[in-house]
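**Q** Sequence and predicted structure, then a few things I'm wondering about:
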Amino acid sequence: MSKAVLVDVTKCYGCGACTVACKLWNGKEYDDAKKPTVGEKAQLTDINWTVVSKHKVTDASGKTVWRFAKKQCLHCEEPACASSCLVGALRKTEEGPVVYYPDLCVGCRYCMIACPFGIPKYEWDKSFPEVSKCQMCSSRLAKNEAPACVSVCPNGVMKFGDSEQILKEARATIASDKRYIKHIYGEKEAGGTAWMYISDQPFEKLGFKTAVKNQSLPEYTWKIINKIPAALVVWGGILTGVYMITNRRNAVKSSKNNENKGGKS
Amino acid sequence: MIRINSNITFKMTGFRKLLMLFSGIFFVLVFYRFAVGLSITNLSDAWPWGLWTVIDVKLGIALAAGGFTTAGIYYVLGIKKIESVVKPAILTAWLGYCMVALGLLVDLGRWYGFWHPIVSWGHHSVMFELYMCVLLYTIVLTAEFAPIFFDGIGFKRTAKFFVGLTGFLVIAGIVLSTMHQSSLGSMYVLMAGRLDQLWWTMALPILYFSSAVAVGPAVVTCESALSGKTYNHEWDNEAMPFLAKWSGYVLSFYFVVRIIDLIVRGQLGRLFTTFDAQTFMCLLELIIGSVLPLFFFWSYNMSGKFMDKKMAVRNAIFIILGVVLNRTNVVITGMWKSAGTGYFPSTQEILITVGLTSFGILVYLFISENFGVFTPHGAEDEDVSVRSGVGASGVPTT
């Protein structure tokens, strides 16, 4: 059964406990000066698999409010990164996480370009860099435990559960409360993701990419790739046919030439 | 003059010394880069791909398309009048692909794992298809080039063996090229929503393939004009006008598909109503790469004028510039907005690209001076040259 997490942006007050839990569980370094994990400058990087970004938003009534958005890999149902990888170093597991296998990776960075959310980061300062992104604590999920960040949240911002159940809850919540925007970010984005968000402020004001297509991205390429075997056979056949005709013509021509030469002598 | 033995020599000029200097810098920088990683580049999380992807990979492969197009025209379609260009074109393609392979290796973050795709297949990935095709095609090109090499060092029998494979190699080469030239475009189909609508289309594979088929002979044309100057061989008045026509027709097809695609997706209007970096670069690409060469081509073609050297070379330069602009636009200009920040290559990135190109030119000069790559057209018996393929005619057989 595939797992999912629902993030309720309205409940987050930006303590950053989730980012600490992430660093501890995954053994990532701190660099608060250059790569802060909480605040207006917080950004996902090679060592920040999750951050809480702070946004000043002017709401509909003209009031200025603060909102905090917890960011990490969204773990697409049909991940573009995994489909782009030429060695299968990124794989979608049954429980939901999209997991990275560094031993296979050759470092072409196509996944970084392919991800519609711009999630995979790179260890640019290392000699043999790895792609770096949230793994949704796949080893915890395999034991049916929530990801580290979810389990430490003091305010119950995130809910972990079976994806169908989570989606039902998200729908019920935004239907029951007028303040919520009638959009579940992640329900349809890129064909659906394991992490979903509900909010009372527009998602584009909270640093979410809203230009993301609602279809699964690998489907686009698959439409092209699945035609290759047939094209290969047909194209190869046509070329061989033409080549043989050309050769036959040359042979006929040269034998005629020989006859002519023979006649003259 | 560097003399290796009585047969193999290399003339030295100021220009060649400069190329050697750049090649030297290239090798030093590459070893440094292999040791310290990619921190010498200006690549970042927002710009994982940059100058190397544009020039060393995308342009390298597109501009080396002369190999399979001329081989196809000559062997499969049986157009014999282009004979004089086939061998130089195959040499350029072979060198081009070797350079691409080297450039790719430099670009790979975990370069020592370059062989992983052979054992671990990501068959859903366009990149995997690209990797496999480029690998196989480089082998095919090496085999196509082998007769020239073995002939040059005097192994006539080995050369003959490879000549016997010509038909198979040429067809395999065309099929593999069709696949990977189009894949370079399909690669960006996955960037739906990220790549600017002026370039993102499901027709990307068709556009990439057709522009490669048009630009291949254009590169061969420029190469022939340049090498003609260096080696004093005449401009081939049979082959070159044919190549110019070929590029003209294929480019017309490309342009029609490109414009129809822009109209269908409602993007053509944007080119003339909004003015920003994207529309400007797109217009520049279309005007230089398509409108101008097509205007010259069709005005010559309709009036039945003979396409002389000046016209053919001028058009070839336009077509090459058009492809350079197009690939740069897809990788850089079209991704600019979604990246959020700017990118400009670092000095080391530029030096590595310049050095790689310099090294390629040096090897090209060395091979074409010591192995029979350029044979004066019309100098030999037609039948012999056809049967013996790219091979045995390299050295005087009579």
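**A** Arrived safely. Source: prediction; values computed, not measured.
**Q** Return the backbone torsion pair for the residue of chain A found nearest chain B.
**A** Nearest residue of chain A to chain B, counting by C-beta to the nearest C-beta: A:G107, 2.4 Å away. (Each C-beta comes from the backbone N, C-alpha and C, glycine too.) Backbone torsions for A:G107, taken as degrees, to the nearest 10, come to phi 80, psi 40.
**Q** Now it: closest residue in space that isn't a chain neighbour?
**A** Excluding its sequence neighbours, the residue lying closest to A:G107 (C-beta to C-beta, 6 or more residues apart in numbering or on different chains) is B:G109, at 2.4 Å.
**Q** Next up, the contacts around the one you found.
**A** Residues near B:G109 by C-beta atoms under 8 Å, 6 or more residues apart in numbering or on different chains: A:105-109, A:122, A:128-129, B:37-38.
**Q** so where do the helices sit in chain A?
**A** Counting by DSSP state H, one finds helices in chain A at the ranges A:17-26, A:80-84, A:110-114, A:138-142, A:148-152, A:163-176, A:217-225, A:228-264.
**Q** Could you dump the ones you listed into CSV and include distance to A:H183 and mean pLDDT?
**A** Shown next, in CSV, are the helices of chain A (distance: least, C-beta to C-beta, whole Å; pLDDT from 0 to 100):
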stretch, distance to A:H183, mean pLDDT
helix A:17-26, 23, 97
helix A:80-84, 21, 95
helix A:110-114, 24, 95
helix A:138-142, 26, 94
helix A:148-152, 22, 97
helix A:163-176, 8, 95
helix A:217-225, 20, 91
helix A:228-264, 38, 84
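**Q** Redo those helices as a markdown table? Include mean neighbour count and distance to chain B.
**A** Listed next are the helices of chain A as a markdown table, based on neighbours: other C-beta atoms under 10 Å in any protein chain shown; distance: least, C-beta to the nearest C-beta, whole Å:
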| stretch | mean neighbour count | distance to chain B |
| --- | --- | --- |
| helix A:17-26 | 19 | 18 |
| helix A:80-84 | 27 | 5 |
| helix A:110-114 | 26 | 4 |
| helix A:138-142 | 16 | 19 |
| helix A:148-152 | 20 | 21 |
| helix A:163-176 | 15 | 22 |
| helix A:217-225 | 20 | 5 |
| helix A:228-264 | 13 | 4 |
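**Q** Same list (the ones you listed) but as JSON lines, adding distance to B:F272.
**A** Output for the helices of chain A, formatted as JSON lines (distance: least, C-beta to C-beta, whole Å):
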{"stretch": "helix A:17-26", "distance to B:F272": "48"}
{"stretch": "helix A:80-84", "distance to B:F272": "33"}
{"stretch": "helix A:110-114", "distance to B:F272": "30"}
{"stretch": "helix A:138-142", "distance to B:F272": "51"}
{"stretch": "helix A:148-152", "distance to B:F272": "49"}
{"stretch": "helix A:163-176", "distance to B:F272": "42"}
{"stretch": "helix A:217-225", "distance to B:F272": "28"}
{"stretch": "helix A:228-264", "distance to B:F272": "36"}
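**Q** Contact partners for B:S125?
**A** For B:S125, the contact set (C-beta under 8 Å, 6+ apart) comprises A:83-86, A:110.
**Q** and if we set it to 6 Å?
**A** Applying C-beta atoms under 6 Å, 6 or more residues apart in numbering or on different chains to B:S125 gives the contacts A:84-86.
**Q** Counting neighbours, what do you get for A:K159?
**A** 19 (other C-beta atoms under 10 Å in any protein chain shown).
**Q** Who does it form a beta bridge with?
**A** A:L6 (DSSP bridges).
**Q** From what I see, it and A:L6 are in contact.
**A** Yes: counting by C-beta atoms under 6 Å, A:L6 is a contact partner of A:K159 at 4.6 Å.
**Q** which bits of the stretch 1-150 of chain B sit near chain A?
**A** The stretch 1-150 of chain B comes close to chain A at residues B:36-39, B:45, B:48-49, B:76, B:78, B:108-110, B:113, B:116-117, B:120, B:122, B:124-128, B:131, as judged by C-beta under 6 Å from any C-beta of the partner chain.
**Q** Just the buried residues of these.
**A** Neighbour counting by 16 or more other C-beta atoms under 10 Å in any protein chain shown classes B:37-39, B:45, B:48-49, B:76, B:78, B:108-110, B:113, B:116-117, B:120, B:122, B:124-128, B:131 among these as buried.
**Q** Counting only strands, which of the residues you listed make the cut?
**A** Members of those lying in strands (criterion: DSSP state E): none.
**Q** buried set for stretch A:43-56?
**A** A:44-54.
**Q** Centre of the chain to that stretch, how far?
**A** Stretch A:43-56 sits 16 Å away from the centroid of its parent chain (C-alpha atoms, centre = their mean, to the nearest Å).
**Q** coming back round to it: which residues touch the residue of chain A closest to chain B?
**A** Neighbouring residues of A:G107 by C-beta under 6 Å, 6+ apart: B:108-110.
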